[in-house]
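1. pasting the sequence and the predicted coordinates here, then a few questions.
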Amino acid sequence: MKREKFSSRLGFILISAGCAIGLGNVWRFPYIVGKYGGASFVLIYLLFLAILGLPIMVMEFSVGRASQCSAALSFDRLEPKGTKWHWYKWGAMAGNYLLMMFYTTVAGWMVNYFFKMLRGDFVGLDANGVSGVWGEMLSHPASMAFFMILSVLICFGIVGLGLQKGVEKITKVMMVALLILMLILAVRAVTLPGAMAGLKFYLYPDFHKMAEYGVGEVIFAAMGQAFFTLSLGIGALAIFGSYIGKERSLTGEAVFVTALDTFVALLAGLIIFPSCFAYGVNPGEGSSLLFLTLPNVFNEMAGGQLWGALFFLFMIFASFSTVIAVFENIVCFAIDLTGCSRKKAVLINLVVIILLSMPCILGFNVWSSFAPLGSILDLEDFIVSNNLLPLGSLVYLLFCTSRYGWGWKNFTAEADTGNGLKFPKWARFYLSFLLPLVVLFIFVQGYIAKFA
């Protein structure tokens, strides 16, 4: 069966960016920028993005395009005879399923809060009232399951339509809508009375903050964010490499995807900090920012019900773009491994994902006594973010640079095929010997930060 391709270069860039753009862009990136020194931190972050995230993204795209299949078979096709690189297919598959075991629940939260904002559920509530709405949602598994299942049905429905008619067509619209919504919200935020204090906190280069926290901590924060922001290591981006032609070199395409991911992350800060400072609300990070802090901010704002609904609509697009991308990868695993039809792969995985997502939901209520790392969601997130992403990235890195794998020559030949930016040949020593050590350092530091 002939492999379907993207109908346009824009589709490839927007969908790859949609996969990378996720909740970390909104609930973590702006917070750590403000915390660690504004623009001075952003410069360090951009450096690490270029030397850490970008090369591994080019490798994932290259493995996908050269093999013309998902991670289920890509290593089988490209590895030297007799080697065992293909064993990692199970790690990549586990990463995608585990990510969806909690991400679908969080996507459901976005849909739920969008409707809450539209209905005016937060109007007239104080901080305790807003907190009560959040607590009540988490205590009702049936309601959470409903919105999780709704999100899964919508996203698998889009994947079921096919690559061009479903995934590409609808994700392009969602990503354009996401960017327009963000720009509208950012303009509204920066024009609020008192917004300048938030802008100063967010973007003013403050080297004193870097000295206060210590250069080592700041560098590791920048390194970690640059590494995790692009969702590398589980083949979620490699699949899109398999859907593009040879007209463009892959380094240039990866630069566009990375730039779009960074633009969204920076724009999120332009929405959050001016709004919080304008109304004297402390901007934290994590789920409390989205579900506790911002509803309080929108309550204070003129027309806050509308602005809040638009904000959570943008969050739906951000979360759905990632879910659709990973679902596409999961469906292609099934097609590549078994030869089944897309429709059959969608129907089977739809049921599987719904069942696998239930422990995360029950972890906040019925199974709340089982809390190994805080909650079942935290455990699932830890397995993916602190283990499968760094170790998977290490596999792609070694596979593309080692003569015992696909090898540097094959990798750069694939990456450089087509017009556009070429992969730097001088980077071979750094990528072969230094970057693997950096990735291992991030992996170990993740454990130290979690348990020490």
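-> Sure thing, it's come through.
2. what are the ranges of the strands in the protein?
-> Under the criterion DSSP state E, the chain contains no strands.
3. where does pLDDT dip in it?
-> For the chain, applying pLDDT under 70 flags the ranges 1.
4. all helices of the stretch 301-450 of the chain, in order?
-> Here the stretch 301-450 of the chain has its helices, by DSSP state H, counting those that start in this stretch, at 304-338, 342-362, 376-383, 389-401, 408-416, 428-429, 435-451.
5. can you put the ones you listed in JSON lines and add mean neighbour count and distance to residue 210?
-> For glycine as for every other residue, the C-beta is placed from the backbone atoms N, C-alpha and C. Formatted as JSON lines, the helices of the stretch 301-450 of the chain follow (neighbours: other CB atoms under 10 Å; distance: least, CB to CB, whole Å):
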{"stretch": "helix 304-338", "mean neighbour count": "23", "distance to residue 210": "29"}
{"stretch": "helix 342-362", "mean neighbour count": "18", "distance to residue 210": "36"}
{"stretch": "helix 376-383", "mean neighbour count": "20", "distance to residue 210": "28"}
{"stretch": "helix 389-401", "mean neighbour count": "24", "distance to residue 210": "25"}
{"stretch": "helix 408-416", "mean neighbour count": "19", "distance to residue 210": "34"}
{"stretch": "helix 428-429", "mean neighbour count": "12", "distance to residue 210": "29"}
{"stretch": "helix 435-451", "mean neighbour count": "15", "distance to residue 210": "18"}
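6. quick check: which of those helices is nearest to residue 213?
-> Closest approach to residue 213 among those (CB to CB): helix 435-451, 13.8 Å.
7. so what does that closest one touch, helix or strand wise?
-> Other helices and strands packing on helix 435-451, by 3 or more CB pairs under 8 Å, 6 or more residues apart in numbering; DSSP states H and E, are helix 215-228, helix 389-401.
8. make a markdown table out of those and add distance to residue 82.
-> Putting these into a markdown table (distance: least, CB to CB, whole Å) gives the following:
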| stretch | distance to residue 82 |
| --- | --- |
| helix 215-228 | 32 |
| helix 389-401 | 15 |
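9. quick one on the thing from earlier: will you turn the helices of the stretch 301-450 of the chain into a markdown table that also has distance to residue 215?
-> Formatted as a markdown table, the helices of the stretch 301-450 of the chain follow (distance: least, CB to CB, whole Å):
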| stretch | distance to residue 215 |
| --- | --- |
| helix 304-338 | 32 |
| helix 342-362 | 37 |
| helix 376-383 | 27 |
| helix 389-401 | 22 |
| helix 408-416 | 33 |
| helix 428-429 | 25 |
| helix 435-451 | 15 |
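10. of these, which is nearest residue 176?
-> Minimum separation from residue 176 across those (CB to CB) falls at helix 304-338, 9.4 Å.
11. quick one, that closest one and helix 342-362 angle?
-> 130 degrees (axes from the mean of the first three to the mean of the last three CA atoms, to 10 degrees).
12. what's helix 304-338 packed up against?
-> Secondary elements touching helix 304-338 (3+ CB pairs under 8 Å, 6+ apart): helix 9-20, helix 23-27, helix 89-119, helix 141-160, helix 169-190, helix 238-241, helix 294-300, helix 342-362.
13. how far away is residue 225 from residue 45?
-> Noted for residue 225: a distance of 6 Å to residue 45, by CB to CB, to the nearest Å.
14. brain fart, residue 358
-> Counting by CB to CB - residue 358 and residue 45 are separated by 36 Å.
15. and for residue 161?
-> From residue 161 over to residue 45 (counting by CB to CB), the distance is 37 Å.
16. who has more neighbours out of these two?
-> Neighbour tally, residue 161 and residue 45, criterion other CB atoms under 10 Å: the higher count belongs to residue 45, 26 against 15.
17. so who does the more buried one touch?
-> Residue 45 sits next to 33, 222, 225-226 when contact means CB atoms under 8 Å, 6 or more residues apart in numbering.
18. mind checking how far it is from residue 36?
-> 9 Å.
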